[in-house]
Every structure is written in C-alpha cells, then in structure tokens.
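J.: how does the following fold in three dimensions:
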Amino acid sequence: MSDNGIPTLPSRIAGLERLAHNLWWSWQPEARELFQHIGQTLWIRSRKNPVELLRIVDQERLDALAADPLFLREYDGLMADFEAVTAARRTWFGEAEIDLGNGVAYFCAEFGVHTSIPIYSGGLGILAGDHFKEGSDLGLPLTGVGLLYQKGYFRQRMGPHGEQIAIDEPFQPESMPLERIWGNGDDGVHAIVRLGDRDVHLGVWRLRIGRTSIFLLDTDIERNTDEDRLLSHQLYRGDLELRLRQEIVLGIGGVRVLRTLGLAPDVWHANEGHAAFMLLERTKERVDAGASPEEAMRAVAATTVFTTHTPVPAGHDAFPRDMMDRYFAGYIPALGLEPEAFYELGSHPDRDGRFHMSALALRLADHRNGVARLHGQVARRMWRGLWIREDESAAAANGGTEAAPEPGELADAPPETKVPIGHITNGVHVPSWVAPAFRELYDRHFGSDWIRSQDDPDLWERALDLPDELVWQAHQECVGRLFNVLRQRARRRWQEEGSAADHVVASGTLLDPEVLTIGFARRFATYKRATLIFRDIDRLERILTSTWRPVQLVFAGKAHPADQPGQELLGDVYRKAMDRRFGGRIAFIEDYDINVARNLYSGVDVWLNNPRPPMEACGTSGQKAALNGVPQLSTLDGWWAEGWTGRNGWAINEREPIDLAAEPHARDEADALSLYDILETEIAPLYYKRDPDGVPRGWIRVMKHAIRTGGANFSARRMLKEYVTRFYEPAAKAGRETKSDAAAVG
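T.: Residues are numbered from 1 along each chain as shown. The predicted structure follows:
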C-alpha cells in the first residue's frame, strides 16, 4: 500500500497498470472479464473503469490475485495479446502495400471512446472514437488531436417537473486513462496561441487507444488567465465567442503541438468544421517557409480530408466579422493575404456576411465527404454556391437547355452532380458494439476468428442460417441485461437521492421484459422529433396498453443546455413517462452514456429513429442495434435510406418523397400516421406471433436480415478502408510530391 492509501500492484501483475491506461481493453471481452475478476461489485462501482478499479481495490485482494493460478493464466494470455498489439504485428495496414508516409492527423472537437473520458456529447464523438478503435485494429498510423474538457459535457438529472438539470463532471485525471505529456516550455507548456491581446499556453495529455493515440490540449494551467483556463473546461458550452476561442486552440494550437511533439503527418483530416483553423495554420507554415499564399493553399488542400457531418445549416459554426477581427487581425498578414481575401475563404455567397468554418474547410481541402449517400446529396445542395461557374454563359453554350434555377438558388452555381463533395457512409466498430451474447453466438457459428474478416459480405450471408432458437436466446439474454441495468440505476438513485415514486416509475421499474420494447436514444434536437410518437396521444395509449399486443417505449438522451426547444421536448417525454394513463409503459433513462447505449442497442426489440428527412446525416445508433439483431423503424434518412431492404426493418412513410420545401407540420402528421399504422398492423402482430415453443419465427427472420445488413455494409472497418484508399492514400501521395518543393513543411 502506498503512502497515499492507493494499493500497489504486485510485480507479478504490474502490467495491469499499463493495460488499464490503454483503452484497447474496452473492446476486448477477455480484458473486461479479467478486470471484473478483480471484483464484480467494485467494477460496477467504478463505472467499468479499470484505472479507478485499481485505486479502490483492497491490497489484500491484489496480493491474492498475484498468487492465483487461474487469474495468472488469464493475465499472461491477455498481456501476450496486448504486447502483440502494441508491437503492431500482423495488421491489415502492415500487410497492405499502402504508403501513408508519416501518417494521418485527425482533428475533432470531441472523442467518445469510453465513459471514463467524458469528452463527447453524441454521434460525432462516438464516430471519432470508433474511427480510432478501428484504426488501431487495422494498424493505421493515426494520431488524434482534441481538447481535454475537464468538466466534460455534463451529467444529466431530471427534476420533479421534467426539467433537465445539468451537473458538471468532476475532473479526476488520476482516475482516468490519461498521461500528462510535459513539454520543454515553462510549466511543461508545448505551444502558445494568441487570443486577442494575450498569449494562451497549451499543455497536452495523451489518451492511448490500442496502437493509436489522441493528444488532448489543455489550457487549465497556471500561466494562463482564469478566463483562458476555462477554454478547456466544457464541451459545447458558453457563448459564440468562447466557441471561436476553443476552435482557435484546437486548430491552430493543435498543429503547433504536433510540431513540438516531433510529428509531421502527411495527411490531415478535419472531422467537421470545428477543426478548420488547422488548415490556416498549415498554410501559414508554408508561407513562413517562402511559398506564396496560393502555392501554400494548394499544397494544404492536396493533403487535407474534410468530413462534414450535419445537413442542418444551424449546426455549422459561423462567426461575425467583427468577432473574427478581434482574433485574426494580427494573424491575417502572416498568411500573406489581404483581409478581404481572407474573409472570402470563409464566405458563403447565398448567406449572411459571417465567417463559416465549413466553407473554409471545403475551400482548403481537396478531399471532401458527407457521411451517407443521401447526406452527400444534401451537402452538395447546401454548399454548391462555393463553386460558382466561371463561364456564366454555360447555358447559352449548351443551347439554352439548362433549367432555370429554383427560387432562391444561385443562377451561376453548378448543378449538384458537379459539386466535388462525395460520401463515405459511416460505420461502427463491431467489437465495441456487439453484445457478449451475440459475440458468443457469432464465435460459435462464424468461427472464433470472424472479427478478422468482419468486412467480408459473404460472412454475413451466413447470418440467415443462424438457428432461430439461439438467436432468440441471445436476444433474451440482452433483454435481461437491459432490465437489470434499469432496475439498478433506479434503485441507486432512489437510495442516494430519495426519488419520488413517479420518478422511480419513469426510470423503467414497471417495464415488462415480455412486452414488445421500442428504444429511442439520441440528442434531443428538434429535427430528430423525439415526440413524434406522441402526436396522437389517445391512439398511442391504446397501442401501449393493449391487452393482447402491448408495447412499451424506452427513451434516453440529452438536450444541449442552451437548446430550449430541445429541453422542452425532453421534458415532454419525461412527463409522459410519469403519466399514469400509460401504465408504466414509458421510461426515460437519465444520463445517457456509452454504457447505457450498449445495453439499449441490444436489449430493446425495435430501434426507433424518426428524424425529419433529410435532416439526419447518418444515424449510426441503428447500425449498432442491427449488429445485435435489433431491427430499425425509421424514416428513410441517413444510413437507412441505403440500408433498408424491406426485410430487415420498417420504413416510415416510405412512399413519401423527400421535399426540402415541404411544410413541416404536414410531414410530421403523415409520418406519425405511418408510424402508428406500422406499429399496429405489422410490428406488433409479427412480434407476438409465436410457434408452439414460444419462438417468433417471422420476427427472427427480420432480426437475422438486420444482422446481415449491419455487418455486411456498415462496419467501421469498411468505412476506414474506404477513407484509406479513396482519400488518405491520394493525399499522402500529394504530400510526397509537395515535399520536393523546398518551401514545403509537411
């Protein structure tokens, strides 16, 4: 036992410390079992965080484990696998003849890898986390750059009237898998960025994810002012100016930090517009080295990938010019640009005069993509004005046959098919999201090494041959886990905070595991229409409380603290969960996080997703559910527009074409009617139709088709290989060519 009361690992099992600080363990079933073996109750108490587990376990228990032959056999086998991973043996990238030079730098405002590092808010961060997990599995030379939010996003509690209460996350780096990287500057500083009239000093923490690493920038150091120390405290909180300053730290500061770490990536990936200032700093580097601004921007563009994630215009950061002036007046001359030329980089020709981060990224990146086929189409429509046709007489040259522009469109903008924005549909990290029961099923019927060939569509054809009884058994095990989690969370809050009876009911304690359960979990933004299913409340009551075919709903998710309409939707859902007329058939799970998500994706019977088309970029939650045999009920938006086959789930209002000019109220009404009809006439009858053994054969056919679709087409492995071959490899080649220029930096 150390002087501070923290237990000391015996030398025989000292490798647990290094293993706990590398999140590779989080997608390895054997590693999770090893940590659970240390103490099941402590594992739950630590929120499945092995770093914290090793701080709270008794010294006597560790000493006993160091002499336990069974534990040591499991430990030695796991550590051998871990050593092979860190040594980068036998990887797809290592065996492929692909040259990415000095690797890929991936900038993102949030990363969702594990609940012990709460620096994510939703889909963007979870996708980034899956990108790095799969990057590790494939052996890609991938380095991440983000911010260390010392108060995370926020913990969620629901008040007595359904109001969301945001609680700051306590920051305890000693309980997190983080490593402080000390720089050569004073107080370990790595880099400095200028914000207005003062310098801000940056510290760095390292987060290891298998073979990959993410470097998290930290402004909460003594040399900074109190105001600047807050820059790395909270994710997506505060006003617009705080957001601008955070993005300067991420983009400009991130490039400078990589340089002080001795890293010179050949490929640079900006995941969403938050990171776009990274492109400016790299342009400045080349100008400083002697290149003209035009040469510098061409070289930067050739080596840059930009992924846009939102088809909602309000979701793209844009800053007023006077605000930009306060922070960039001294930076613009270093780019070799006149102010008007600089502001043109962030302009959008059919919008206000603000500086648009996504416009900047689209102009300074040659490799651009949306995150689903439909989203690619929407992105081309949104941003076509950036590619104004130089030949305004193109229509005349074509005999005047071009159609007149739609009202509000730019007459000289190119047709959407000519806009250089492609798409790579998102996928999910299969080992992270397949529940233990289904992983065991796949091990048994696909072979124990099926993970290695997970992106082979032929493998997933075999899902249709899985034995019905075993699929249903695996699903029932997942249902049991979910309901156990719901009861444990409700009990814990009741014990700790004395929840009122209606809040205990709202937590799901009256849900019935034998009843058809529909899950809905996501950020409570208005376009996601969390309350669409409440549109006809009397009809919904009849569906939920049916004597013969009852249905129950489980909701989860957070609304941004500044999003009042989203909070109102959330409050409406929570109040419905407390309403006696629904007989306890509606539940809301507080404080949605990765652990809750895993249980929801596998433990409900149907995954509901009903955004207003085409407002959903991708929606990967349904992909995760599909891997666990949970079919989706969704509008034909995001990935479902290309994933739905008619046999693997249900499409809401499938015959209604997407009309960007449609009146939202009418679309909502039609979609709600379709949703109710499908529930009553298709889903519930099929679910409750059982054979003499109590097995719903027809339902299981849909489950197996969902597995087949999710595995064959929507894995992070397929996604990342597409990024490598379509974007990273060409960008790296361009980077090697620019290095022949003496002015190039990297």
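J.: distance of the nearest residue to Arg229 once chain neighbours are set aside from Gln150?
T.: Distances taken as Cβ to Cβ, 6 or more residues apart in numbering place Asp220 nearest to Arg229, at 4.5 Å, with adjacent residues excluded. No exception for glycine: its C-beta is placed from N, CA and C like everyone else's. From Asp220 across to Gln150, the span is 6 Å (Cβ to Cβ, to the nearest Å).
J.: give me the common contacts of the two.
T.: Both Asp220 and Gln150 are in contact with 232-233, where contact means Cβ atoms under 8 Å, 6 or more residues apart in numbering.
J.: these two: which is more packed in?
T.: Gln150 (21 against 17; other Cβ atoms under 10 Å).
J.: can you pull out the strands in the stretch 151-300 of the chain?
T.: Along the stretch 151-300 of the chain, counting by DSSP state E, counting those that start in this stretch, strands occupy 155-158, 164-167, 178-181, 191-195, 198-209, 212-218, 267-271.
J.: ok, which of the ones you listed comes nearest Arg321?
T.: Of all the strands of the stretch 151-300 of the chain, strand 191-195 sits nearest to Arg321, with 17.3 Å by Cβ to Cβ.
J.: I'd guessed Ala361 sits against Asn271; true?
T.: No: in this structure, Ala361 is not within contact of Asn271 by Cβ atoms under 8 Å, at 10.0 Å.
J.: so which of the two has more stuff around it?
T.: The residue with more neighbours, out of Ala361 and Asn271, is Ala361; 28 against 25, by other Cβ under 10 Å.
J.: roughly how far apart are that one and Gly638?
T.: Ala361 is 21 Å from Gly638, by Cβ to Cβ.
J.: okay, the strands of the stretch 151-300 of the chain in JSON lines with distance to Asp572 and mean pLDDT next?
T.: Shown next, in JSON lines, are the strands of the stretch 151-300 of the chain (distance: least, Cβ to Cβ, whole Å; pLDDT from 0 to 100):
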{"stretch": "strand 155-158", "distance to Asp572": "12", "mean pLDDT": "87"}
{"stretch": "strand 164-167", "distance to Asp572": "12", "mean pLDDT": "88"}
{"stretch": "strand 178-181", "distance to Asp572": "38", "mean pLDDT": "94"}
{"stretch": "strand 191-195", "distance to Asp572": "40", "mean pLDDT": "95"}
{"stretch": "strand 198-209", "distance to Asp572": "37", "mean pLDDT": "96"}
{"stretch": "strand 212-218", "distance to Asp572": "36", "mean pLDDT": "97"}
{"stretch": "strand 267-271", "distance to Asp572": "32", "mean pLDDT": "98"}
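J.: please identify the deepest-packed of the ones you listed.
T.: Mean neighbour count (mean count of other Cβ atoms under 10 Å) peaks for strand 267-271 among these, with a mean of 27.
J.: which stretches of the stretch 101-250 of the chain have low pLDDT?
T.: Counting by pLDDT under 70, the stretch 101-250 of the chain contains no low-confidence segment.
J.: which parts of it are helices?
T.: Under the criterion DSSP state H, counting those that start in this stretch, helices of the stretch 101-250 of the chain are mapped to 123-138, 226-229, 240-248.
J.: of all the ones you listed, which one is nearest His423?
T.: Comparison of the helices of the stretch 101-250 of the chain against His423 by Cβ to Cβ identifies helix 123-138 as nearest, at 14.1 Å.
J.: check which element follows the helix or strand of the chain with the lowest mean pLDDT along the chain.
T.: Within the chain, no helix or strand scores below helix 394-397, which has a mean of 36 by mean pLDDT, DSSP states H and E. For helix 394-397, the succeeding helix or strand toward the C-terminus, using DSSP states H and E, is strand 422-423.
J.: could you chop the chain up by domain?
T.: The chain breaks down by automatic domain parsing into domains covering 11-87, 98-388+409-425+722-738, 448-714.
J.: name the residues that touch the helix or strand harbouring Lys704?
T.: Using DSSP H and E, Lys704 sits within helix 697-713. Residues from elsewhere that reach helix 697-713 (Cβ under 8 Å, 6+ apart): 425, 427, 430, 454, 457, 459-461, 463-464, 466, 468, 471-472, 475, 623-632, 642-643, 645, 647-649, 686-687, 689, 691.
J.: hey, C-alpha coordinates of that helix in CSV?
T.: Listed next in CSV are the C-alpha coordinates belonging to helix 697-713 (Å, rounded to 0.1, in the frame of the first residue of the first chain):
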residue,chain,number,x,y,z
ARG,A,697,-40.1,-17.3,-36.2
GLY,A,698,-41.2,-14.5,-38.5
TRP,A,699,-39.7,-11.9,-36.2
ILE,A,700,-36.4,-13.7,-36.0
ARG,A,701,-36.2,-13.7,-39.8
VAL,A,702,-36.3,-9.9,-39.6
MET,A,703,-33.6,-10.0,-36.9
LYS,A,704,-31.3,-12.1,-39.0
HIS,A,705,-31.7,-9.8,-42.0
ALA,A,706,-30.9,-6.9,-39.7
ILE,A,707,-27.7,-8.6,-38.6
ARG,A,708,-26.8,-9.4,-42.2
THR,A,709,-27.2,-5.8,-43.3
GLY,A,710,-25.5,-4.2,-40.4
GLY,A,711,-22.4,-6.5,-40.5
ALA,A,712,-22.0,-6.6,-44.3
ASN,A,713,-22.3,-2.9,-45.1
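J.: what is the next helix or strand after it packed up against?
T.: Using DSSP H and E, the helix or strand that follows helix 697-713 in sequence is helix 716-722. The contact analysis (3 or more Cβ pairs under 8 Å, 6 or more residues apart in numbering; DSSP states H and E) places helix 716-722 against helix 123-138.
J.: and the helix it packs on, what's buried?
T.: Of all the residues in helix 123-138, those buried under the rule 16 or more other Cβ atoms under 10 Å are 123-138.
J.: give me the mean pLDDT for the helix holding Lys704.
T.: Taken as a whole, helix 697-713 has an average pLDDT of 98.
J.: one more: stretch 445-459?
T.: Per-residue pLDDT over stretch 445-459 has a mean of 94.
J.: before we move on, the earlier item: can you add distance to Leu441 and give the domains of the chain back as JSON lines?
T.: JSON lines is the format used below for those (distance: least, Cβ to Cβ, whole Å):
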{"stretch": "domain 11-87", "distance to Leu441": "13"}
{"stretch": "domain 98-388+409-425+722-738", "distance to Leu441": "21"}
{"stretch": "domain 448-714", "distance to Leu441": "5"}
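J.: among those domains, which comes closest to Gly5?
T.: Among those, the nearest to Gly5 by Cβ to Cβ is domain 11-87 (9.2 Å).
J.: how about low-confidence regions in the stretch 351-500 of the chain?
T.: 351, 389-413.
J.: one step back: could I get the helices of the stretch 101-250 of the chain as TSV with distance to Val371?
T.: Output for these, formatted as TSV (distance: least, Cβ to Cβ, whole Å):
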stretch	distance to Val371
helix 123-138	8
helix 226-229	33
helix 240-248	20
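J.: so which of the ones you listed gets nearest Val604?
T.: helix 123-138 (18.0 Å).
J.: could you list every residue that touches the residue lying closest to Ile221 once chain neighbours are set aside?
T.: Nearest in space to Ile221, with sequence neighbours left out and distances taken as Cβ to Cβ, 6+ apart, is Gly203 at 5.0 Å. Residues in contact with Gly203 (Cβ under 8 Å, 6+ apart) are 180, 183, 187-190, 217-221.
J.: and Gly203, what are its bridge partners?
T.: Asp218 (DSSP bridges).
J.: next: Gly649.
T.: Bridge pairing for Gly649 - DSSP bridges - gives Gln632.
J.: and the closest residue to Pro293 other than its chain neighbours, how close does it get to Ala299?
T.: Nearest non-adjacent residue to Pro293, counting by Cβ to Cβ, 6+ apart: Gly336, 4.0 Å away. Using Cβ to Cβ, Gly336 is found at 14 Å from Ala299.
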